[in-house]
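In: need a structure here:
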Amino acid sequence: MRQIVLLPAICSLAVGALFFGVFTPEAMARAAPPGAVAVAAAGAPLPDASALLHQVEANQQALEKARELYTFRSLQTIRQLDKSGKVKRTEIEEDEVFFVNGHRIEKVVSRDGKKLSPAEAQKEDAKVAKEVEKASKPGYVDPDRDDVTVSRLLQIIDFSNGRRIRLNGRDTIAYDFLGNPHAKTHGRNE
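Out: This is a model prediction of the structure:
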């Protein structure tokens, strides 16, 4: 069984994304800072975990949809070293990155500081157009994608044992979680 900790400031759904701190109970006991103690339920009642997580999921889906409105450039530098650790060769690739239905699509713009030739650019445009077409289809799952989004995480796990604890001097709501036995998972990461 694992434990998930939601910090109160992060539970404010009007602000940014949700970050999870995930610990096994054994690791939590070993690594718990001084002052990580159970807090009496004298304060406000615990929020309904299901309702809270549905609000978090709806917020996360809105954030993922908003991400599709943006494009950014990525610069990747690869340095190949010889046996003595000296740089033998350097490759630099600049990509334009955008999202379609949650799928990341990269378009190469330049290599080694030089723009692509017209033929290379046309080939890259055709490749990107195919990727966009695939990602635009409803239900498309990228076989190379190995990350698990917060939205997907909320669909494949069950939360239980909600409680208040004090962690690092802050009141915190903690839940235990297990994999949902009825959820259909895709890939090793899920």
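
In: Strands along the protein, start to end?
Out: For the chain, the strands defined by DSSP state E occupy 2-6, 21-23, 37-38, 71-81, 87-100, 103-111, 114-115, 157-167, 170-179.

In: right, and these - which one's nearest L63?
Out: L63 lies closest to strand 87-100 among the strands of the chain, at 11.5 Å (Cβ to Cβ). Any C-beta I mention is one placed from the backbone N, CA and C, and that applies to glycine too.

In: and of the strands of the chain, who's closest to V132?
Out: Of the strands of the chain, nearest to V132 by Cβ to Cβ is strand 87-100, at 5.4 Å.

In: got any ranges where the chain has weak pLDDT?
Out: 1-43, 143-150, 187-190 (pLDDT under 70).

In: at 50 what do you get?
Out: For the chain, the stretches with pLDDT under 50 are 1-35, 41.

In: Relative to the centre of it, pull out the residue lying furthest away.
Out: Within the chain, S84 marks the point farthest from the mean C-alpha position, 37.6 Å out by Cα atoms, centre = their mean.

In: now that residue: how far from Q155?
Out: From S84 over to Q155 the distance is 50 Å, taken as Cβ to Cβ, to the nearest Å.

In: what's the answer for N101, then?
Out: 16 Å.

In: How about R170?
Out: R170 is 28 Å from Q155, by Cβ to Cβ.

In: Between these two, point out the one with more neighbours.
Out: Q155 (16 against 12; other Cβ atoms under 10 Å).

In: mind checking the backbone torsions on the residue nearest to the more buried one when sequence neighbours are not counted?
Out: Of all residues not flanking Q155 in the chain, A183 sits nearest, at 6.2 Å (Cβ to Cβ, 6 or more residues apart in numbering). Taking degrees, to the nearest 10, you get phi -80, psi 140 for the backbone angles of A183.

In: before we move on, back to that, turn the strands of the chain into TSV, columns for distance to D125.
Out: As requested, these are arranged in TSV below (distance: least, Cβ to Cβ, whole Å):
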stretch	distance to D125
strand 2-6	43
strand 21-23	41
strand 37-38	59
strand 71-81	15
strand 87-100	11
strand 103-111	8
strand 114-115	13
strand 157-167	40
strand 170-179	42
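
In: Out of these, the one nearest V128 is which?
Out: Closest among the strands of the chain, using Cβ to Cβ: strand 103-111, at 4.7 Å.

In: Can you name every helix or strand that that closest one contacts?
Out: strand 87-100, helix 118-136 (3 or more Cβ pairs under 8 Å, 6 or more residues apart in numbering; DSSP states H and E).

In: CSV for the ones you listed, including mean neighbour count and distance to A51?
Out: Formatted as CSV, the helices and strands packed on strand 103-111 follow (neighbours: other Cβ atoms under 10 Å; distance: least, Cβ to Cβ, whole Å):
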stretch, mean neighbour count, distance to A51
strand 87-100, 14, 29
helix 118-136, 13, 32
